[in-house]
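[1] structure of the sequence below:
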Amino acid sequence: MWFEVKDKKENGEKDLEIEGVIISSTTEKFSIQSPLPSNTKKDPISEKSKNLSDSGLTHPNEEVHEKRGLFWAISIANSSSQSFVWNFFSAFAALVGVTSSMMGFLTSIRNLISALFQGNIGRLSDKLGRKKILFGGFFLSSAILITLIFVSRPITLVIVSIIQAFSISIIFPVWNATLGDVTKTEQRASYIGKLSAAGTAVSVTLILLVAGCFYITDEYSGMTILGWEIPAVGWQVQYGVAFAIAAFGFLLCIIGILFLPETRIIEAGEEPPKMLVALRDKMFRKFLIINSLFGLMMATGWPIFPIVQIKVLEMTFPQVALISATFSIFSSLSMFFGGRIGDAIGRKPLLIIGRITIFTIPLFFIMAVIFNSWLFLILSNLIGGLSMGLVNVGLNAYVLDLAPENMMGAYSGLTQVVWGIATFIGSLSAGFIAQAIENAYGLRTMAIAMLAGVGAVRMLSSLGYFFITESLPKDVREARKVQRSKAKEEEYIACAYTDSLEECATQTK
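    Residues are numbered from 1 along each chain as shown. As a prediction, the model looks like this:
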């Protein structure tokens, strides 16, 4: 809101009037002609509240605000570690010797385990608090990834991946609920988007550094530079380094959690409602059905992508790292700006745009197979990164918007449970179908046929998001704008009592 400034000239003096408050300019410093006492000062509590609001956090415990940097540190370490696992695990499994049908089983069981317990764990965090449960999840993730470094057989890989997926089922709903504890609805998407973007930016940097090092060892092994012979590094070591970095990131999360204050304030005698109570929420129930249907169709591509990368295109570690970095860079940009957009126009548009555009990913995979060029996958990951960035921000904010304060963990967890069951069915079915086509017609024909089908079902199922209900409606967004304008107006007037008009205008601007 801008202030109308009127000139008043009486007896050669010039005064300024700001919406009824007269500021006299007869002295070098402006003075206020107002009923308020002349010694009025800025309220330090208001100033402090403003600074805390600007941080993106809102929580009654001041220690949470004082340690807000820990939220950034933990989020960055967590996002980076999960990015390494997500980007390299499937390719590693294909190199270990996993078949198409087994890849479908491995992908589906990881999806199921990582989601199956999230509802109960989320509700448990609503009841007991977030901190202890997060500590357990990060500890398990770090420990099992160290074991993954030494895996060389498919059956061992399945066992380790199940345990790792379970650790994710602990971390995901509780960390989401933690962010829900400390953010307001109208600022939630922006804050989550900034945290996610920062984590992705760090993971991209690390991925590119590792890829660059191993590109040198692949291309120039045996050469001597300044008396040092560049060694040949096998794929086992390359992927082992990636998983070691992920394990170290989770270790940093463990350290951060030790210093993070508890965000879940549990009132005496409070008992969170049972998780299934969330299903009585019509908006949430409709969203679960639409989202799980899309998950079922989306997951049909997950067993196929790593098979195409490793067995059809024979991509090396640096090439896999490069397309992963492309995905991460654009998802980071998408999350950063998508959060602001989501707070401005609502969550629903983010979900619609993000889900619809995902169907293009398998189309670029088809082109890569036909022309036998992995470079097409750079385009697929570019679009995929933009799409998934919007979805990640919009989805988390949407679910937390719908959830009551004492059920944020339950809502977040139940969303992942239903998603996990749907993706389990989709990826398991796709793996067996792919194996049957491969046995009958060969690997390349299977890849093209499956990818075409995946693109079609993704497109059709994404249309369901047009029917979800917006969780941040227009009237709420408009009320937020009015509230901001009033806050600026109050700040301007308070500023005028102690500062000159020129300084006040500069600060408010």
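
[2] distance from stretch 158-176 to the middle of the chain?
    16 Å (Cα atoms, centre = their mean, to the nearest Å).

[3] only alpha carbons, please: show it as CSV.
    What follows is stretch 158-176, C-alpha atoms only, in CSV (Å, rounded to 0.1, in the frame of the first residue of the first chain):
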residue,chain,number,x,y,z
VAL,A,158,17.6,-56.8,-2.4
ILE,A,159,18.1,-57.3,1.3
VAL,A,160,20.1,-54.1,1.7
SER,A,161,17.7,-52.1,-0.4
ILE,A,162,14.7,-53.2,1.7
ILE,A,163,16.4,-51.9,4.9
GLN,A,164,17.4,-48.7,3.2
ALA,A,165,13.8,-48.2,1.9
PHE,A,166,12.5,-48.7,5.5
SER,A,167,14.8,-45.9,6.7
ILE,A,168,13.3,-43.6,4.1
SER,A,169,9.9,-44.4,5.4
ILE,A,170,11.0,-43.1,8.8
ILE,A,171,12.6,-39.9,7.5
PHE,A,172,10.2,-38.7,4.9
PRO,A,173,6.9,-38.2,6.8
VAL,A,174,8.6,-37.0,10.0
TRP,A,175,10.8,-34.4,8.3
ASN,A,176,7.8,-33.2,6.3
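
[4] buried ones in that stretch?
    Using 16 or more other Cβ atoms under 10 Å as the test for burial, stretch 158-176 gives 158, 160-176. For every residue, glycine as well, the C-beta is placed using N, CA and C.

[5] list the buried residues of stretch 398-411.
    Neighbour-count burial for stretch 398-411 flags 398-403, 406-411 (criterion: 16+ other Cβ under 10 Å).

[6] from the chain's centre, how far out does that stretch sit?
    17 Å.

[7] got any ranges where the stretch 351-500 of the chain has weak pLDDT?
    Residues of the stretch 351-500 of the chain meeting the criterion pLDDT under 70: 476-485, 487-489, 491-500.

[8] tell me where it has helices.
    Secondary structure of the stretch 351-500 of the chain by DSSP state H, counting those that start in this stretch: the helices cover 360-371, 376-402, 408-441, 443-462, 474-496.

[9] quick one: contacts of the helix or strand that contains Ile133?
    According to DSSP states H and E, Ile133 maps onto helix 131-148. Residues outside helix 131-148 that contact it (Cβ atoms under 8 Å, 6 or more residues apart in numbering): 78, 81, 85, 121, 124-125, 157, 160-161, 163-164, 166-168, 170-171, 174-175, 178, 243-244, 246-248, 250-251, 253-254, 257-258, 260-263.

[10] how about a cut-off of 7 Å?
    121, 124-125, 160, 163-164, 167, 170-171, 174-175, 243, 246-247, 250-251, 253-254, 257, 260, 262 (Cβ atoms under 7 Å, 6 or more residues apart in numbering).

[11] which element follows it toward the C-terminus?
    helix 154-181.

[12] how about the helices of the stretch 351-500 of the chain in JSON lines, adding distance to Phe214?
    As requested, those are arranged in JSON lines below (distance: least, Cβ to Cβ, whole Å):
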{"stretch": "helix 360-371", "distance to Phe214": "22"}
{"stretch": "helix 376-402", "distance to Phe214": "18"}
{"stretch": "helix 408-441", "distance to Phe214": "29"}
{"stretch": "helix 443-462", "distance to Phe214": "26"}
{"stretch": "helix 474-496", "distance to Phe214": "47"}
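
[13] relative to Tyr191, which of those is closest?
    With distances scored as Cβ to Cβ, the stretch of those nearest to Tyr191 is helix 376-402 (9.2 Å).
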